[in-house]
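>>> quick one: sequence and predicted model below, then my questions.
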Amino acid sequence: MNFEPFELERLLSDWEQTVEFNFAESGVHPVSLGELLQLSDIDIKEFLETPLNYPEVNGEASLRKKIAGLYDGAKLQNILVTVGASEANYIIANTLLEKGDEIAVMQPTYMQFSGAAKNLGVKVNSFSLEAGNNWALNRQELLDAVNLNTKVISLVNPNNPTGKILSKEEMNAIVSIAQKFDAWLLADEVYSGAERQNVDVTQSFFGLYEKVIIVNGLSKAYGLPGLRIGWVVAPENIINELWKRHEYTTVSSSMLGNRLANLALRPDVKRALIARTRDLVDSGFEILQTYLNEIPGIFSVVPPMASALSFTSYNLPINSTELVHKLRREKDILLVPGDCFGLDGHLRISSALPREYLQDGLSRLNEVVRELAH
Ligand SMILES: Cc1ncc(COP(=O)(O)O)c(C=O)c1O
């Protein structure tokens with residue numbers, strides 16, 4: 001069977017648990033269970049009474065209510081809770097797409113939706129955020145990528161791997177093309193809330209057009225990837241279609257995930273988690289930048305506006321996958337090669353991590369860079 005693997009996640013599965021310095025992760029340093037419980041100041045004895053039963057299959061009503069409250073005009077029926085944003089993306093592909101359809105995908109991007117689409121026999125067209133132009137949206141490529149056969153325009157905003165946030169004008173340009181061709185607009189907004197300190201919270205695409213589907217979750221901006229809680233916000237008929245696929249895929253997310261997510265979205269806890277994330281994002285990038293500037297003429301990076309990630313180009317005579325494996329073998333550090341995003345000559349580096357860990361690992365990176373630069 002000709003099934004295209006998800007290259008980035010395969011790299012992580014193979015190496016992330018054993019490597020000494022993991023800069024390939026896509027989130028901020030995770031929050032511990034103890035920290036989350038402490039922040040929410042609940043009665044632990046009472047919490048221990050939580051039945052380890054199935055929650056409501058589409059997510060506990062009280063959790064869906066909190067999620068709906070994050071989107072102006074969303075109701076309970078517009079929400080489906082999933083096992084991470086990844087289940088959301090996967091069942092959306094399986095709901096909206098069939099063999100022979102086309103989609104238009106923003107590049108570079110997290111390639112889950114496009115990979116799932118290819119595996120369904122869908123033609124994938126792409127439009128770029130331009131390297132060398134501050135990752136500005138290439139509007140001509142967007143126009144060229146969409147036609148009457150396009151079912152979905154898919155994007156990640158704030159973007160993984162570049163940390164770019166679309167401007168209001170760029171968002172409007174995408175919405176108006178989707179409207180013109182009657183295509184669904186799928187906006188994966190998992191990095192919303194993980195903005196740098198001086199950057200406004202990213203505006204959601206929700207409500208800008210009736211055929212918008214939002215994917216989000218607790219894995220990135222909230223620092224809670226291990227809860228495996230994601231969600232979809234969409235028109236009710238689409239939620240019902242997704243729900244049918246959700247029953248086949250996972251039945252439901254976990255009861256503990258639902259209950260802890262409910263705590264994480266309590267306004268005071270949410271505020272504290274987001275503040276922690278923004279702090280880590282900012283301080284981590286400053287440290288990363290210092291190390292990238294240490295050896296002149298090698299790295300060039302557009303400072304990310306959000307996310308724990310930087311997508312830096314490098315001026316070294318080596319392919320990005322080869323470089324990543326050399327770093328792993330020789331220095332026990334893991335980065336993601338630009339090849340995983342179709343852009344060789346780049347590295348994705350995660351930096352919203354504890355200071356010392358970051359410094360120790362990045363000095364190892366620079367040992368190899370010095371050797372290669374000679
Ligand atoms: C843009 C994007 N969407 C979805 C996911 C998957 O998130 P989750 O851990 O919630 O399944 C990731 C993880 O890296 C991501 O970067």
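Great, that's in hand. Numbering: from 1, shown residues only.

>>> what are the buried residues along stretch 158-169?
For stretch 158-169, the neighbour count (16 or more other C-beta atoms under 10 Å) marks 158-166 as buried. Glycine gets a C-beta too; all of them are placed from N, C-alpha and C.

>>> avg pLDDT for it?
The average pLDDT within stretch 158-169 is 98.

>>> for the residue of the stretch 151-300 of the chain at minimum distance from the ligand, what are its contacts?
Closest residue of the stretch 151-300 of the chain to the ligand, C-beta to the nearest ligand atom: residue 219 (3.4 Å). By C-beta atoms under 8 Å, 6 or more residues apart in numbering, residue 219 lies in contact with 27, 84-85, 190, 225, 227-230.

>>> min pLDDT across these, which one?
Within these, pLDDT is lowest for residue 27, at 94.

>>> and the buried residues of stretch 158-169, which is closest to residue 344?
Residue 344 lies nearest to residue 161 out of these, by C-beta to C-beta, at 13.3 Å.

>>> low pLDDT regions in the stretch 51-200 of the chain?
Scanning the stretch 51-200 of the chain for pLDDT under 70 picks out nothing.

>>> torsion angles phi and psi at the closest residue to the ligand within it?
Ranked by C-beta to the nearest ligand atom, the top residue of the stretch 51-200 of the chain for proximity to the ligand is residue 84, at 2.5 Å. When read as degrees, to the nearest 10, the backbone of residue 84 gives phi 70, psi 170.

>>> and what of residue 173?
phi -60, psi -40.

>>> so what's it up against?
Per C-beta under 8 Å, 6+ apart, neighbours of residue 173: 137, 139, 142.

>>> how far off centre is stretch 250-261?
The chain centroid and the centroid of stretch 250-261 are separated by 20 Å, computed with C-alpha atoms, centre = their mean, to the nearest Å.

>>> so is it next to the ligand?
No - judged by C-beta under 6 Å from any ligand atom, stretch 250-261 and the ligand are separated, with a smallest distance of 10.6 Å.

>>> endpoint to endpoint, that stretch covers what distance?
This stretch, stretch 250-261, spans 18 Å end to end (C-alpha to C-alpha, to the nearest Å).

>>> average pLDDT for that stretch?
pLDDT averaged over stretch 250-261 gives 98.

>>> return the member of the contacts of residue 173 nearest to residue 360.
residue 137 (37.2 Å).

>>> can you tell me the closest non-neighbouring residue to the closest one?
Spatial nearest neighbour of residue 137, chain neighbours left out: residue 170 (4.3 Å); criterion: C-beta to C-beta, 6 or more residues apart in numbering.

>>> how many residues are close by the one you found?
18 (other C-beta atoms under 10 Å).

>>> give me the secondary structure label for it.
Residue 170 falls in the helix class when you classify it by DSSP: H, G, I helix; E, B strand; the rest coil.

>>> for the one 4 residues further on, same thing?
With three-state DSSP as the basis, residue 174 sits in helix.

>>> so it makes contact with residue 155?
Yes - counting by C-beta atoms under 8 Å, residue 155 is a contact partner of residue 174 at 6.9 Å.

>>> what sits up against the helix or strand hosting residue 369?
Using DSSP states H and E, residue 369 falls within helix 355-373. The contact list for helix 355-373, computed with C-beta under 8 Å, 6+ apart, reads 20-21, 23, 283-284, 287-288, 291, 294-295, 298, 314, 316-318, 323, 326-327, 330-333, 335, 351.

>>> check which residues of that helix are buried.
Across helix 355-373, burial judged by 16+ other C-beta under 10 Å covers 358, 361-362, 364-366, 368-369.

>>> same deal with stretch 344-355?
Within stretch 344-355, the residues that count as buried by 16+ other C-beta under 10 Å are 345-353.

>>> how about JSON lines for those, with secondary structure and distance to the ligand added?
Shown next, in JSON lines, are those (DSSP: H, G, I helix; E, B strand; the rest coil; distance: C-beta to the nearest ligand atom, whole Å):
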{"residue": "345", "secondary structure": "coil", "distance to the ligand": "21"}
{"residue": "346", "secondary structure": "strand", "distance to the ligand": "16"}
{"residue": "347", "secondary structure": "strand", "distance to the ligand": "16"}
{"residue": "348", "secondary structure": "strand", "distance to the ligand": "10"}
{"residue": "349", "secondary structure": "strand", "distance to the ligand": "14"}
{"residue": "350", "secondary structure": "strand", "distance to the ligand": "10"}
{"residue": "351", "secondary structure": "coil", "distance to the ligand": "15"}
{"residue": "352", "secondary structure": "coil", "distance to the ligand": "13"}
{"residue": "353", "secondary structure": "coil", "distance to the ligand": "15"}
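
>>> spell out which residues of the protein are next to the ligand.
26, 84-86, 110, 156, 160, 188, 190, 217, 219, 225, 230.

>>> does the residue nearest to residue 137 touch residue 135 like I think?
No - applying C-beta under 8 Å as the test, residue 170 and residue 135 come out as separate, 10.2 Å apart.

>>> now, which of the contacts of helix 355-373 lie within strands?
21, 314, 333 (DSSP state E).

>>> and which of the residues you listed is nearest to residue 151?
residue 314 (36.5 Å).

>>> specify the beta-bridge partners of the closest one.
residue 299 (DSSP bridges).

>>> distance of it from the ligand?
When distance is defined by C-beta to the nearest ligand atom, to the nearest Å, residue 314 is 22 Å away from the ligand.

>>> residue contacts, that residue?
Residue 314 makes contact with 298-300, 323, 345-347, 369, according to C-beta under 8 Å, 6+ apart.

>>> pull stretch 141-149 out as PDB, backbone CA atoms only.
Taking C-alpha atoms only, stretch 141-149 is exported to PDB below (Å, rounded to 0.1, in the frame of the first residue of the first chain):
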ATOM      1  CA  GLU A 141       0.900  31.900  -5.900                       C
ATOM      2  CA  LEU A 142      -2.300  31.900  -3.800                       C
ATOM      3  CA  LEU A 143      -4.300  32.800  -6.900                       C
ATOM      4  CA  ASP A 144      -2.500  30.200  -9.000                       C
ATOM      5  CA  ALA A 145      -3.000  27.500  -6.400                       C
ATOM      6  CA  VAL A 146      -6.800  27.800  -6.200                       C
ATOM      7  CA  ASN A 147      -9.400  26.700  -8.800                       C
ATOM      8  CA  LEU A 148     -13.000  25.500  -9.000                       C
ATOM      9  CA  ASN A 149     -11.900  22.000  -7.900                       C
END
